[in-house]
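**Student:** build the 3D model from these lines:
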Amino acid sequence: MASLRAIAGASAALLLLAGCSFDDMWPSLTGDDPAGGANTQVMIPASEAEQNEQPVYSDAAPASVVADTARVQVAYEPDAQLRAASPTGTYVGSKVAQQRAELDNLKSSVLNRQAQYENVRNTARQNAQSYFATVAAITARLQVGTTPGNPVLVSQWNAAQSELDRILTDIAALNTLGNQVAADSAMSAYLLDSVMATYGLQGAVDEDHRQLSLIEDETNRTVVLIDRLLGGLHETIGRYTNYINSERHNLTTLALAIKNGEYLGPNLSNNASYAPAVAAVAPDNAEIGSSLAERRPLVVIRFDRDNVEFKQALYSAISAALERRPQSTFDLIAVAPNQGSPADVALAANTAKRHAHTVLQALTEMGLPNSRVTLSSTTSPGVQTNEIRIYVR
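**Tutor:** Take a look at the predicted model:
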């Protein structure tokens, strides 16, 4: 009886399997509905990350991918990258944070220096315009004729003197600013050296070096701004100083003109060619040796590097000498070191002569006639580099 029940159950199972298709038990590889029904497409909306046009990398992104992305961004937005940098928790990371703060202070300082420079230049320009307007009014009155010691002109002369003194104050402010910018330049050099040293420290992660590269690039950009500012300050101070020296003499002549009640012309000490000239005779070798050993030079210019700035100091010294003795003449001697082989000595002598011609050309441009200058050359074992010495006769 039991066996009959088992046989009946097995027969029923076979009948059920016969009604099923094996195709219904496997997934369809054609994309059609396995049951043979109509296709149904389900639209899945794009996620928030897929809708973002800029790629977003998670913290688990490979280091190479993050590094490549950082290099692209550094070229365009280093400031943004520096601001977005996060602490890494390493010792090197703490050094990076300190350097980032120093860079921020440096950039803020340079921006303030630039603003101060522009403000001083604008103030000096206004003072110069006021000065020239006052001097022009005095000169116009003198040219048409006036009474000696006219009190109106005396008052205007005092005003012009005050306006010129204000420009002297502007020069002092520029000198102070130049010292501050020089300090910023030293700070930028220190910061670059510090960054280079931090690259070699142990225990850094990739993010530390990425931030270091950003600080290095931004510091180099700041160095360019500092160099430009230093160059502008140097040029402006030199120009204003020469201008003040010239106008001081012009005011002296203008005071004499006011006293006499007539215009006398420009100040003669500004141009040595008006002074009585004395024929200059080139010194012989014995006199040259005596000049080096006994005479005290008025100016010594050492050409120990490229692009030696000497014109401003040379002009001031020659101008002062002509003020004391307008008929002065000058001996310009090129001195080369007498060291090494004969070829080395000859090469140094030729180089010193070229430097001497450079100085002579500068003197000519300053208005000193060539008849007032003698040119010679010699060698000396007591000098280490080429020198140009100028003596007053």
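
**Student:** so what's His167 up against?
**Tutor:** For residue 167 the amino acid is Ile, not His. Residues in contact with Ile167 (Cβ atoms under 8 Å, 6 or more residues apart in numbering) are Ala124, Asn127, Ala128, Tyr131, Tyr240, Tyr243, Ile244. From N, CA and C alone the C-beta is placed, and that goes for glycine too.

**Student:** touching, Gln156 and Ala137? I think so.
**Tutor:** Yes. In this structure, Gln156 is within contact of Ala137 by Cβ atoms under 8 Å, at 6.0 Å.

**Student:** of those two, who's got more company?
**Tutor:** Using other Cβ atoms under 10 Å as the criterion, Gln156 and Ala137 rank with Gln156 on top: 19 against 15.

**Student:** any idea which helix or strand comes after the strand or helix carrying that one?
**Tutor:** Per DSSP states H and E, Gln156 falls inside helix 151-199. Downstream of helix 151-199, the next assigned helix or strand under DSSP H and E is helix 206-260.

**Student:** so that following helix versus helix 151-199, what angle?
**Tutor:** 160 degrees (axes from the mean of the first three to the mean of the last three Cα atoms, to 10 degrees).

**Student:** check which helices and strands helix 206-260 is in contact with.
**Tutor:** If contacts are counted by 3 or more Cβ pairs under 8 Å, 6 or more residues apart in numbering; DSSP states H and E, helix 206-260 sits against helix 63-74, helix 78-84, helix 91-144, helix 151-199, helix 311-324.

**Student:** average pLDDT across the fourth one?
**Tutor:** Read it as helix 151-199. The average pLDDT within helix 151-199 is 92.

**Student:** how about the contacts made by Phe303?
**Tutor:** Counting by Cβ under 8 Å, 6+ apart, Phe303 touches Thr351, Ala352, His355, Thr385, Asn386, Glu387, Ile388.

**Student:** identify, from those, the entry nearest to Ala317.
**Tutor:** Of all the contacts of Phe303, Ile388 has the smallest distance to Ala317: 12.3 Å, by Cβ to Cβ.

**Student:** list the contacts of that closest one.
**Tutor:** Applying Cβ under 8 Å, 6+ apart, we find Ile388 in contact with Val299, Val300, Ile301, Phe303, Leu332, Ile333, Ala334, Val335, Ala352, His355, Ala356, Val359.

**Student:** what about it, which SS state?
**Tutor:** Using DSSP: H, G, I helix; E, B strand; the rest coil, the structure places Ile388 in strand.

**Student:** bridging residues for it?
**Tutor:** Under DSSP bridges, the beta-bridge partners of Ile388 are Ile301, Ala334.

**Student:** how close does Ile167 sit to Ala133?
**Tutor:** Counting by Cβ to Cβ, to the nearest Å, the separation of Ile167 from Ala133 is 14 Å.

**Student:** still on that earlier bit, could you work out the most separated pair of the contacts of Ile167?
**Tutor:** Farthest-apart pair in the contacts of Ile167 is Tyr131 and Tyr240; separation 12.0 Å (Cβ to Cβ).
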